[in-house]
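Enquirer: The following comprises the amino acid sequence and a computationally predicted model.
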Amino acid sequence: MARSLILTARRLADVLSRENAALKQMDLRLATSLLPEKTAATADLMALSDKLVGHPHPALAAITRSLDDLALENRQLLQRALAAQRRVIGIIARAAVAAEPSYGAKKRLTGPVALFTRA
């Protein structure tokens, strides 16, 4: 049982390490693609840890500390990525509002306008 738990914990640690590396590079596409694997590894680890009885294996204690560190780093990197996305969305939203055509005092259309015609 302890061996399965250790292998599953290492699998989760590997996924978290890869996701953290992607987030450090702001490769959100890669980070997002790891979500199913991270979710599955987390679920497997939770299922196995529910069945754990007795004292944990020493290797399990070490991998648990490693997982704690990786999870903390992951949370911080995810928060950074979300903040960056909020800033980008804000910039785009402000640009879209600024680009909206408006009507002047004489009801004439002002602002950027694109006309398309077909012959």
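Expert: Cool, got the structure.
Enquirer: neighbours around Ala41, how many?
Expert: Other residues within reach of Ala41, judged by other C-beta atoms under 10 Å, total 20. (Glycine included, C-beta is placed from N, CA and C.)
Enquirer: Quick check: the gap between it and Ala22.
Expert: Look at Ala41 and Ala22: by C-beta to C-beta, to the nearest Å, they are 16 Å apart.
Enquirer: can you tell me the average pLDDT over the helix or strand containing Ala95?
Expert: In this assignment (DSSP states H and E), Ala95 forms part of helix 58-99. Averaged over helix 58-99, pLDDT sits at 90.
Enquirer: Going forward, count from 108.
Expert: In the new numbering, first residue 108, that becomes helix 165-206.
Enquirer: Packing partners of that helix?
Expert: Applying 3 or more C-beta pairs under 8 Å, 6 or more residues apart in numbering; DSSP states H and E, one finds that helix 165-206 makes contact with helix 109-131, helix 135-140.
Enquirer: and the last one, C-alpha only, in PDB?
Expert: When you say that, I think you mean helix 135-140. Extracted in PDB, the C-alpha atoms of helix 135-140 (Å, rounded to 0.1, in the frame of the first residue of the first chain):
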ATOM      1  CA  LEU A 135      -1.000  29.000 -20.000                       C
ATOM      2  CA  ARG A 136      -1.900  26.600 -22.800                       C
ATOM      3  CA  LEU A 137       0.500  24.000 -21.500                       C
ATOM      4  CA  ALA A 138      -0.400  24.600 -17.900                       C
ATOM      5  CA  THR A 139      -4.100  24.200 -18.800                       C
ATOM      6  CA  SER A 140      -3.400  21.000 -20.700                       C
END
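Enquirer: Which residues does that helix contact?
Expert: For helix 135-140, the external contacting residues (C-beta atoms under 8 Å, 6 or more residues apart in numbering) are 126, 129-130, 188, 192.
Enquirer: Of these, just the buried ones, ChimeraX syntax please.
Expert: Filtering these down to the buried ones (16 or more other C-beta atoms under 10 Å) takes a single ChimeraX command:
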select :126,129,130,188
